[in-house]
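S.K.: show me how the following folds:
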Amino acid sequence: MSYYSGFEYGNSMDRYFNPIDAEGNPNFEIPWADKVDISQIGISAPPMKDQLQGLKAKIFQGARKVELGFMGKGKGSKSQGATTPEQLDKDARRDIKELADFNKVKISVHATTAVGNLSGLTDRGFLDEEREKALHEIERTIDFAADTTHGGPVVVHLGEFPRAMSEEDWGETKDGKPKFLMYPEEAKHARQFVVDGYTGQFVGQISKDQVVYEPKWLTAKDYEEDMKAKGTPIKLVGKRDKYGNIIHEDDWVDLDGNVIPKDADPEELFRRRVPRWDSKGAKFETVKRTWDYFKQKADEWNREHPDQKKTPAMIFYETQLDNQILQNKGSSLFYSREYDELRENLAKAKKAYEEYQKLEKSIPEKERWRIAVERVFGRGDIAHLMPREHEMPTQALQRYIDDIQKNMRFMHEASAAADARAAELLDLKRRLKPMEDYAKEKTADTIARAAERAMAKSKKLKEPLYISPENIFPETYGSHPSELREIILKARDKFAQRLLETKKVSSKKEAMELAKKHIKATFDIGHAYTWRKYFVGSDKEFHEWLMKEIDKLNKDEIVGHIHVSDNFGYEDEHVTPGKGLVPIKEAIERFKKAGVTDIIVEPAEQDYLAMLGAWNIIGRPIYGVANGGLGWTDIEHSYFGRTAPPYFLYGDAAPSPQEWTLWSGVKLE
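M.R.: Numbering: from 1, shown residues only. Predicted coordinates for the structure are as follows:
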């Protein structure tokens, strides 16, 4: 519906912002001490549509900054909204750049949202081929950015791997109380993962409510107790073994009472460790191990080996592997316990066979019965009940040789297979790595390699292109502000290391300066606010926590780009800024003080209203100016306020047009 009055309500922007109605509609001009100019706030174009058309639409809406993005991966499909940078040819890229330059609009670029992580995470583990695909998506976005912009961020999403919030340092307060929990019982059922350090495949996991049994290895205290029980007491604790090691009561010892280092090579451990024997139960003793035990062992190991840290999951899976290795080695020893003797007997039997073969040939056939031997059937206690037969010595020896060779073949297959399996498990034990450490290294490498391409493509641009990893959802690593900081710092170190290795720079200082230019985070305020649903505390406490985290990021110069959207603390719904609960204004103020003013609003279906909402938040509202109230006659066609009745029928008085038609359907008027 339209309105006639030129200075009165003509559209949704004219919300009665005038002195007459000031009480119901307060002045939105917010006096900020340090205002953000609206030119510093941009908007993203719909990533599932043509980006040239999206840019045009945002320019018409008044945006001075526009972020172009994509939704597809690999071979795209415009009809299905799977857009990719390569769908825009040279002409389209030139048009985008010229259109932006002519309208003095700054462009940034967002890599496809189809890349969910930079670590190569799949359901099987971490695969370098998947990581390479993600890198290719980033690289072609960098190429697109180099063709269409004058520099700036190339945003990529982070969702590197799952982790339990209750197990992270930031997951609890200083006094040990939970700060974040994905569910109430997380601290009891949280899981940790272990990967193969060579292949990246998942090899094990532990839940905190899981238990495992292992042999009770003989300790110095056990040794003293056993010797005392035998009537030959020996004092070990406090003395030195023959290798010069001071013996403690919980040290593992061998059968001679010598210390076995707990960080010894696995081969030595299997050769020297002794499971404690329970003579009453006629079995080896076992002990039940829970999460607390593995946590304690991990803490002890990490204190003694700060450069080779292990997680409880690693200690747990090492214990499981130890049990499997012991079983295979035991099988091998069982089957091969007489192997040396059999080999010796086989050699003797073959030699005897050759000698008797010569002897039999030298004796006339009729006289050979004289050297025949009796063949025994059955067990020894019933052998005399069996029929008697005689045979030549070579026949008996050949049968003996065949039996030995069969036994040896069985040992070859059973024992060798067990040894091979034990060696395989032992090698896997040496390759074990905490999932977190493996994934972080891969993520840093991916970002560093992408940043190298961004640096190379920046040579002809006014400003440097930089890779800008973005925090996304709380359930995966990279979304917590501390994790985002760690990723950026590790990636910068890796980038600097690569520059030094390839001799692109001459000093570490120069390498780190370039790293800060080409690797900066994108902080999404709306994504960060979805942590509210997992926060254990009040809304006020969460607000304080979020602001402190933003201050920490600013202090370390982590962030270069900001995304703005609003929500209610549960999901990333992208409601109009100012219409949800996200403290956008305060966050922007803090970033502005740190010199970070590159802000992009990410709309949903409300489109340009999201940008207007952001302008409103920063004290730059857009509205019309009304001049007096509206009258009844101001409505379109002036249906109301007339002194004479209308000259036509309307409403229920008007006849139905269906009744005033011929059978043929032709209307009467």
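S.K.: break the chain into its domains for me.
M.R.: 19-182+435-617, 189-303, 339-430 (automatic domain parsing).
S.K.: Throw these into JSON lines and include mean pLDDT and distance to Ile315, thanks.
M.R.: Bear in mind the C-beta positions are built from the backbone N, C-alpha and C, glycine included. Conversion of these to JSON lines gives the following (pLDDT from 0 to 100; distance: least, C-beta to C-beta, whole Å):
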{"stretch": "domain 19-182+435-617", "mean pLDDT": "93", "distance to Ile315": "14"}
{"stretch": "domain 189-303", "mean pLDDT": "88", "distance to Ile315": "4"}
{"stretch": "domain 339-430", "mean pLDDT": "84", "distance to Ile315": "11"}
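S.K.: quick check: which of the ones you listed is buried the most?
M.R.: Of all these, domain 19-182+435-617 carries the top mean neighbour count, a mean of 19, counting by mean count of other C-beta atoms under 10 Å.
S.K.: relative to Ala521, how far out is the most centrally placed residue in the chain?
M.R.: What sits nearest the mean C-alpha location of the chain, by C-alpha atoms, centre = their mean, is Phe161, with 1.4 Å. With the distance defined as C-beta to C-beta, to the nearest Å, Phe161 ends up 18 Å from Ala521.
S.K.: what of Lys429?
M.R.: According to C-beta to C-beta, Lys429 stands 37 Å off from Ala521.
S.K.: give the contact list for the residue lying closest to Lys216 once chain neighbours are set aside.
M.R.: Spatial nearest neighbour of Lys216, chain neighbours left out: Glu285 (4.1 Å); criterion: C-beta to C-beta, 6 or more residues apart in numbering. Residues near Glu285 by C-beta atoms under 8 Å, 6 or more residues apart in numbering: 215-216, 275-278.
S.K.: try it again with 10 Å
M.R.: Contacts for Glu285 were tallied using C-beta atoms under 10 Å, 6 or more residues apart in numbering; they are 215-218, 222, 275-278.
S.K.: and the furthest pair within these?
M.R.: Taking C-beta to C-beta as the measure, these span a maximum distance of 13.6 Å, between Trp217 and Asp278.
S.K.: before we move on, the earlier item: quick one: residues contacting the residue nearest to the centre of the chain.
M.R.: 117, 119-121, 126, 193, 195, 435-436, 438-440, 442-443, 476-478.
S.K.: so which of these sit within helices?
M.R.: Per DSSP state H, helices hold the following members of the contacts of Phe161: 435-436, 438-440, 442-443.
S.K.: for these, which one is nearest Gln327?
M.R.: Nearest member of the ones in helices among the contacts of Phe161 to Gln327, counting by C-beta to C-beta, is Met435, at 26.1 Å.
S.K.: who does the nearest residue to the closest one once chain neighbours are set aside bridge with?
M.R.: Leaving aside its sequence neighbours, Met435 sits nearest to Phe193 (C-beta to C-beta, 6+ apart; 4.0 Å). Counting by DSSP bridges, Phe193 is bridged to Gln205.
S.K.: need the ones in helices among the contacts of Phe161 in JSON lines (columns: distance to Asp226).
M.R.: Listed next are the ones in helices among the contacts of Phe161 as JSON lines, based on distance: C-beta to C-beta, whole Å:
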{"residue": "Met435", "distance to Asp226": "41"}
{"residue": "Glu436", "distance to Asp226": "41"}
{"residue": "Tyr438", "distance to Asp226": "42"}
{"residue": "Ala439", "distance to Asp226": "46"}
{"residue": "Lys440", "distance to Asp226": "46"}
{"residue": "Lys442", "distance to Asp226": "49"}
{"residue": "Thr443", "distance to Asp226": "51"}
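S.K.: for the helix or strand where Gly42 lies, list the C-alpha coordinates in CSV.
M.R.: Gly42 belongs to strand 41-44 when assigned by DSSP states H and E. Provided in CSV are the C-alpha atoms of strand 41-44 (Å, rounded to 0.1, in the frame of the first residue of the first chain):
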residue,chain,number,x,y,z
ILE,A,41,30.9,-2.1,7.7
GLY,A,42,30.2,-4.2,4.6
ILE,A,43,27.9,-7.1,3.7
SER,A,44,28.4,-10.5,2.1
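S.K.: who are the packing partners of the helix or strand following it?
M.R.: Going down the chain from strand 41-44, the next helix or strand is helix 51-60, by DSSP H and E. Packing partners of helix 51-60 (3 or more C-beta pairs under 10 Å, 6 or more residues apart in numbering; DSSP states H and E): strand 41-44, strand 65-69, helix 90-102, strand 106-110, helix 128-148, helix 608-617.
S.K.: alpha carbons only: can I get helix 51-60 in CSV?
M.R.: Taking C-alpha atoms only, helix 51-60 is exported to CSV below (Å, rounded to 0.1, in the frame of the first residue of the first chain):
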residue,chain,number,x,y,z
GLN,A,51,28.8,-13.1,-7.5
LEU,A,52,28.9,-10.4,-10.1
GLN,A,53,25.1,-10.0,-9.8
GLY,A,54,25.5,-10.2,-6.0
LEU,A,55,28.0,-7.4,-6.0
LYS,A,56,25.8,-5.2,-8.2
ALA,A,57,22.9,-5.7,-5.8
LYS,A,58,24.9,-4.8,-2.7
ILE,A,59,26.3,-1.7,-4.4
PHE,A,60,22.7,-0.6,-5.1
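S.K.: between it and helix 128-148, how many degrees?
M.R.: Taking axes from the mean of the first three to the mean of the last three C-alpha atoms, to 10 degrees, one finds helix 51-60 and helix 128-148 inclined to each other by 50 degrees.
S.K.: what are the ranges of the strands in the stretch 301-450 of the chain?
M.R.: For the stretch 301-450 of the chain, applying DSSP state E, counting those that start in this stretch gives strands covering 373-375, 389-391, 432-434.
S.K.: would you turn these into JSON lines with distance to Val666?
M.R.: Shown next, in JSON lines, are the strands of the stretch 301-450 of the chain (distance: least, C-beta to C-beta, whole Å):
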{"stretch": "strand 373-375", "distance to Val666": "120"}
{"stretch": "strand 389-391", "distance to Val666": "120"}
{"stretch": "strand 432-434", "distance to Val666": "83"}
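S.K.: between these, which gets nearest to Met165?
M.R.: It is, among the strands of the stretch 301-450 of the chain and with distance given as C-beta to C-beta, strand 432-434, at 16.9 Å.
S.K.: what pairs with the closest one, and is each one parallel or antiparallel?
M.R.: As defined by DSSP bridges, the strand partners of strand 432-434 come to strand 191-196 (antiparallel).
S.K.: mark which of the contacts of Glu285 are part of strands, please.
M.R.: Those of those mapping onto strands are 215, 277-278, per DSSP state E.
S.K.: and Lys65, what are its bridge partners?
M.R.: Beta-bridge partners of Lys65, as defined by DSSP bridges: Lys106.
S.K.: so how far is Asp50 from it?
M.R.: To Asp50, Lys65 is 19 Å away according to C-beta to C-beta.
S.K.: got the contact list for the closest residue to Glu130 other than its chain neighbours?
M.R.: Computed as C-beta to C-beta, 6+ apart, the closest residue to Glu130 that is not its neighbour in sequence is Gly120, at 4.6 Å. Contact partners of Gly120, counting by C-beta under 10 Å, 6+ apart, are 126-135, 160-161, 200, 438-439, 442-443, 445-446.
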